[in-house]
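> Provide a 3D model corresponding to the input given below.
(one chain, ligands or ions: 1)
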Amino acid sequence: MGLGRFTRETDEKPKVTWPLLKRVLGYARPYSWYLAGMLFVILATTGIYMLSPLILRDLIDRTIPNRDIQRLIWLSLALLFLPALQSGLSVFQRRLNARVGEGVIYDLRVALFSGLQRMSLRFFTNTKVGELMSRLNNDVVGAQNAISNTFVGIITNLIQAVVVFIIMLTFEWRLTLISIIIMPLFIVASNKMADRLRNIAHQQMEANAQMNAMMNETLNIGGALLVKLFGRRQTEIDRLSRKAKNVADLGVKRSYTGSMFISIIGLLSAVGTALVYGLGGYFVIQGTFTVGTIVAFGSYMGILYSALQNLSNAPVEFATSIVSFERVFEIIDLPVDIPEAKNPVVLSRIDGEIIFDDVTFKYEAGDEYVLSDVRRYGSMDAVTAVFSETPPPTGESVSEETPAHHQARGNALEHVSFHVKPGQLVALVGPSGAGKTTLTYLIPRLYDPTEGRIFLDGYNLRDISLDSLSNLIGMVTQETYLFHDSIRTNLEYARMNASQAELEAACRTANIHDFITNLPDGYNTIVGERGYRLSGGEKQRIALARVLLKDPRILVLDEATSSLDSESEALIQEAMKTVMARRTSIVIAHRLSTILAADQILVIDRGQVVEKGTHEELLTLNGLYTHLYNTQFKKV
Ligand SMILES: Nc1ncnc2c1ncn2[C@@H]1O[C@H](COP(=O)(O)OP(=O)(O)OP(=O)(O)O)[C@@H](O)[C@H]1O
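Residues are numbered from 1 along each chain as shown. Purely as a prediction, here's the structure:
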């Protein structure tokens with residue numbers, strides 16, 4: 001993607017508004033005692049800082065001309081002692097600072113992660129993990145910088161500038177006025193640079209996030225496998241090189257712009273210094289004031305300029321850090337598209353009756369749920385729809401509409417109505433892309449219907465508390481996801497306090513216990529990311545054991561399509577039968593045995609329930625079901 005488009009979008013000035021600032025400061029509030037401690041140390045160090053030039057003046061104007069040895073010893077000791085004290089205090093200040101900084105990182109990270117936990121599946125399918133990682137890592141650190149460095153820096157320098165300015169005025173007001181003649185130039189220069197640096201910083205963050213996202217995509221096990229299978233090593237290296245080059249170029253641009261800024265400020269300071277020493281020297285020659293005064297004045301001026309320099313840089317740094325805060329807030333503020341009801345119904349026991357009442361659903365939702373960056377990059381990573389490869393059957397009940405029409409219409413489900421009695425087994429069949437998975441996703445509220453309602457035991461799903469809903473419904477998806485951890489931990493994910501006996505019982509029922517006990521570490525065997533060290537059939541059985549431990553009243557199951565050897569197949573069939581017993585089960589069926597056992601078969605085509613009934617009833621219709629049965633199920 002060209003940088004041009006990117007720059008245009010970030011050209012608008014990020015506004016450091018008062019509400020935003022208040023919100024940022026809110027994150028500093030829990031650390032106000034630490035900040036107060038820091039303020040105290042800053043005042044103390046500033047005081048000490050101001051003493052040294054006075055000692056210099058005394059040495060030059062009084063002690064040395066008067067040959068006062070005793071005073072000389074005392075003043076020299078003071079010149080040693082004061083910086084030592086100052087160093088001690090600054091170590092203390094750093095410690096306080098680190099506490100605040102790390103504390104803010106912690107708070108932001110937890111807030112961000114908690115915010116992400118509330119997000120729906122829609123959000124995660126639309127977002128790149130790398131993007132989120134970047135916000136959890138880089139932006140969080142960038143944001144704390146605003147508080148623990150920039151904010152503290154501004155206060156330190158402000159105090160120093162004010163104190164030193166007052167001292168200088170009391171010393172010699174004319175010279176003081178000359179020394180601040182360059183102030184307006186300082187302000188103009190820093191304003192100009194602030195804008196530039198802020199834009200570069202924003203671009204840098206985006207570029208980093210893009211690079212992270214890309215790395216994440218190709219380095220996770222699925223991506224790595226794809227790269228290897230398609231021999232795309234070089235393509236990926238080139239892709240990364242381009243992104244890394246962008247990051248590097250922006251880094252150079254930032255440091256170049258930053259140093260240019262420092263040089264300009266340095267030059268302006270030199271103008272001030274030259275003026276003050278020139279005029280000050282003249283006054284000394286005229287006998288208006290002493291050499292000691294001008295030396296001390298020079299030191300104070302050094303302090304003033306460095307404080308002003310830091311202050312002029314501070315808005316740049318602050319605005320840069322604010323960008324990080326904004327990126328963090330952007331996620332924290334995302335609206336939740338699967339909201340909890342105001343007074344949610346908590347259900348602990350249910351019969352398991354499910355009613356779909358004229359449900360229509362489409363995946364695309366309002367833009368606000370998707371990160372702005374996702375929208376920005378969306379075009380290049382748009383979801384590619386997968387459509388049925390099954391030739392359209394010639395049955396009456398099948399519409400003439402092509403998959404392309406279906407896509408254009410955008411509804412993944414249309415006017416779906418059905419009724420599942422408690423304990424029934426419902427089989428969903430239909431061509432690929434018909435909407436079976438989508439339908440099952442609506443039951444545990446991974447998505448909400450766009451129109452129509454779904455009832456569980458007479459309660460609208462939207463009124464049931466999300467926690468109780470997830471306790472009542474167990475879902476086994478086609479692809480079993482296992483954490484990179486032991487089998488035990490993966491199983492316990494379903495029930496944290498499960499005893500060994502319970503784990504074993506579930507695994508026995510799922511026909512996987514014997515296999516696990518034969519592993520080198522038994523239940524403590526670590527499974528790789530996504531459980532790659534286990535075979536497909538083994539993973540499925542572990543997934544079944546996991547759902548058994550959860551013991552949900554309603555089971556949603558996507559039968560694996562991958563063909564397994566007959567022994568493995570038999571083991572899974574048996575396990576599934578036990579898992580489904582005494583529960584309401586909705587199964588995306590790929591096996592004849594399942595559809596034969598079903599109390600009700602729903603035939604889905606292009607988002608609609610086109611046929612409904614038992615196997616025998618449907619066969620008499622001679623429609624899509626008959627076609628599917630003849631072409632797919634009969635053979636299995
Ligand atoms: N996250 C998504 N965003 C947009 N469209 C989607 C999304 N997921 C699925 N779709 C589309 O919705 C339609 C239904 O998909 P679904 O996965 O429900 O089909 P399916 O019947 O389960 O297919 P299969 O048997 O191949 O798994 C398809 O056209 C698909 O491309």
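> look at residue 82 and report its pLDDT.
As predicted, residue 82 sits at a pLDDT of 92.
> which helices and strands sit right next to the helix or strand that contains it?
For residue 82, the element it lies in under DSSP states H and E is helix 69-117. Contacts defined by 3 or more C-beta pairs under 8 Å, 6 or more residues apart in numbering; DSSP states H and E place helix 69-117 against helix 32-58, helix 140-145, helix 291-332. Where you see a C-beta, it was placed from the backbone N, CA and C, and this is true even at glycine.
> how about 10 Å then?
helix 32-58, helix 64-66, helix 129-134, helix 140-145, helix 152-171, helix 291-332 (3 or more C-beta pairs under 10 Å, 6 or more residues apart in numbering; DSSP states H and E).
> I'd like the next helix or strand past the longest one.
Per DSSP H and E, the first helix or strand lying C-terminal to helix 291-332 is strand 354-361.
> follow-up on the earlier one: among the helices and strands packed on helix 69-117, which is nearest the ligand?
helix 129-134 (15.5 Å; C-beta to the nearest ligand atom).
> most packed of the helices and strands packed on helix 69-117?
Neighbour counts (mean count of other C-beta atoms under 10 Å) averaged over each of these peak at helix 140-145, with a mean of 23.
> now for that one, which elements pack on it?
Counting by 3+ C-beta pairs under 10 Å, 6+ apart, helix 140-145 packs on helix 69-117, helix 183-219, helix 291-332.
> tell me which residues of the second one come out buried.
Read that as helix 183-219. 186, 189-190, 193-194, 196-218 (16 or more other C-beta atoms under 10 Å).
> pLDDT value on residue 374, please?
50.
> ok, now residue 51?
Residue 51 is given a pLDDT of 90.
> got it, and residue 316?
In this model, residue 316 carries a pLDDT of 69.
> contacting residues around the residue positioned nearest the centre of the chain?
Ranked by distance to the mean C-alpha position of the chain (C-alpha atoms, centre = their mean), the top residue is residue 132 at 3.0 Å. Contact analysis of residue 132 by C-beta atoms under 10 Å, 6 or more residues apart in numbering lists 112-113, 116, 119, 123-124, 209, 212-213, 216, 331, 371.
> same thing with residue 204?
Counting by C-beta under 10 Å, 6+ apart, residue 204 has contacts 138, 142, 246-247, 249-251, 253-254, 320, 323.
> quick one: which of these is nearest to the ligand?
Nearest member of the contacts of residue 204 to the ligand, counting by C-beta to the nearest ligand atom, is residue 138, at 27.8 Å.
> how close does the residue nearest to the closest one when sequence neighbours are not counted get to residue 228?
Nearest non-adjacent residue to residue 138, counting by C-beta to C-beta, 6 or more residues apart in numbering: residue 208, 6.0 Å away. In this structure, residue 208 and residue 228 are 26 Å apart, going by C-beta to C-beta, to the nearest Å.
> now residue 56
70 Å.
> ok, residue 480 next?
22 Å.
> now the strands for the stretch 401-550 of the chain?
Ranges of strands in the stretch 401-550 of the chain, per DSSP state E, counting those that start in this stretch, are 413-420, 425-429, 451-456, 459-460, 473-476.
> tell me which residues in the first one are buried?
Of all the residues in strand 413-420, those buried under the rule 16+ other C-beta under 10 Å are 413-414, 416, 418, 420.
> pull the most distant pair out of the residues you listed.
Using C-beta to C-beta, the buried residues of strand 413-420 span at most 19.2 Å, a distance reached by 414 and 420.
> number of residues surrounding residue 598?
Around residue 598 there are 22 other residues, counting by other C-beta atoms under 10 Å.
> surely it meets residue 557?
No: using C-beta atoms under 10 Å, residue 598 is not in contact with residue 557, being 11.8 Å away.
> between the two, what contacts are shared?
In contact with both residue 598 and residue 557: 425, 428, 585-587, 589, using C-beta under 10 Å, 6+ apart.
> out of these, flag the one nearest to residue 463.
Using C-beta to C-beta as the measure, the one of the shared contacts of residue 598 and residue 557 that approaches residue 463 most closely is residue 586, at 20.4 Å.
> that's a strand at that closest one, yeah?
Yes: counting by DSSP: H, G, I helix; E, B strand; the rest coil, residue 586 falls inside a strand.
> for this structure, which spans come out with low pLDDT?
Low-confidence segments of the chain, defined by pLDDT under 70: 1-15, 316, 365-409, 528-532, 560-569, 635-636.
> quick check: domain ranges of it?
17-332, 421-633 (automatic domain parsing).
> the shortest one: end-to-end distance?
Looking back up the chat, that one is domain 421-633. 25 Å (C-alpha to C-alpha, to the nearest Å).
> pull out the buried members of the contacts of residue 204.
Counted by 16+ other C-beta under 10 Å, the contacts of residue 204 give 138, 142, 246-247, 250, 253-254, 320, 323 as buried.
> out of those residues, who's nearest residue 503?
residue 138 (39.9 Å).
> picking that back up, got the buried ones among the contacts of residue 204 as JSON lines, with distance to the ligand columns?
JSON lines is the format used below for the buried ones among the contacts of residue 204 (distance: C-beta to the nearest ligand atom, whole Å):
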{"residue": "138", "distance to the ligand": "28"}
{"residue": "142", "distance to the ligand": "31"}
{"residue": "246", "distance to the ligand": "29"}
{"residue": "247", "distance to the ligand": "30"}
{"residue": "250", "distance to the ligand": "33"}
{"residue": "253", "distance to the ligand": "38"}
{"residue": "254", "distance to the ligand": "37"}
{"residue": "320", "distance to the ligand": "36"}
{"residue": "323", "distance to the ligand": "30"}
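> give me every residue in the stretch 101-250 of the chain lying close to the ligand.
residue 125 (C-beta under 6 Å from any ligand atom).
> what do you get for the stretch 401-550 of the chain?
412, 430, 432-438.
> one more time with 8 Å
403, 406-407, 412-413, 428, 430-441, 478 (C-beta under 8 Å from any ligand atom).
> if any of those are buried, put those into a PyMOL selection.
A single PyMOL command is used to select the members of these judged buried by 16+ other C-beta under 10 Å:
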select buried, resi 403+406+412+413+428+430+431+433+434+435+436+437+438+439+440+441+478
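> the closest residue to residue 309 other than its chain neighbours: which element?
In space, and not counting its chain neighbours, residue 309 is closest to residue 265: 4.9 Å by C-beta to C-beta, 6+ apart. Applying DSSP H and E as the criterion places residue 265 in helix 233-286.
> the nearest residue to residue 502 once chain neighbours are set aside and the ligand, how far apart?
Sequence neighbours aside, residue 549 is the residue nearest to residue 502 in space, at 6.7 Å (criterion: C-beta to C-beta, 6+ apart). In this view, residue 549 and the ligand are 26 Å apart by C-beta to the nearest ligand atom, to the nearest Å.
> go on, residue 268?
Residue 268 is 56 Å from the ligand, by C-beta to the nearest ligand atom.
> now do residue 353
Relative to the ligand, and taking C-beta to the nearest ligand atom, residue 353 is found at 23 Å.
> what's the answer for residue 616, then?
From residue 616 to the ligand the distance is 24 Å (C-beta to the nearest ligand atom).
> ok, now residue 117?
Following C-beta to the nearest ligand atom, the distance that separates residue 117 from the ligand is 19 Å.
> for that residue, grab the count of nearby residues.
Residue 117: 7 neighbours (other C-beta under 10 Å).
> thinking again about what came up before, out of the domains of the chain, nearest to residue 338?
Of those, nearest to residue 338 by C-beta to C-beta is domain 17-332, at 4.6 Å.
> residues in contact with the residue nearest to residue 16 when sequence neighbours are not counted?
Closest residue to residue 16 apart from its sequence neighbours, by C-beta to C-beta, 6+ apart: residue 322 at 5.2 Å. With contact taken as C-beta under 10 Å, 6+ apart, residue 322 is in contact with 14-17, 20-21, 24, 142-143, 146, 150, 198, 201, 315, 329.
> try 8 Å this time
Contact analysis of residue 322 by C-beta atoms under 8 Å, 6 or more residues apart in numbering lists 14, 16, 20, 24, 146.
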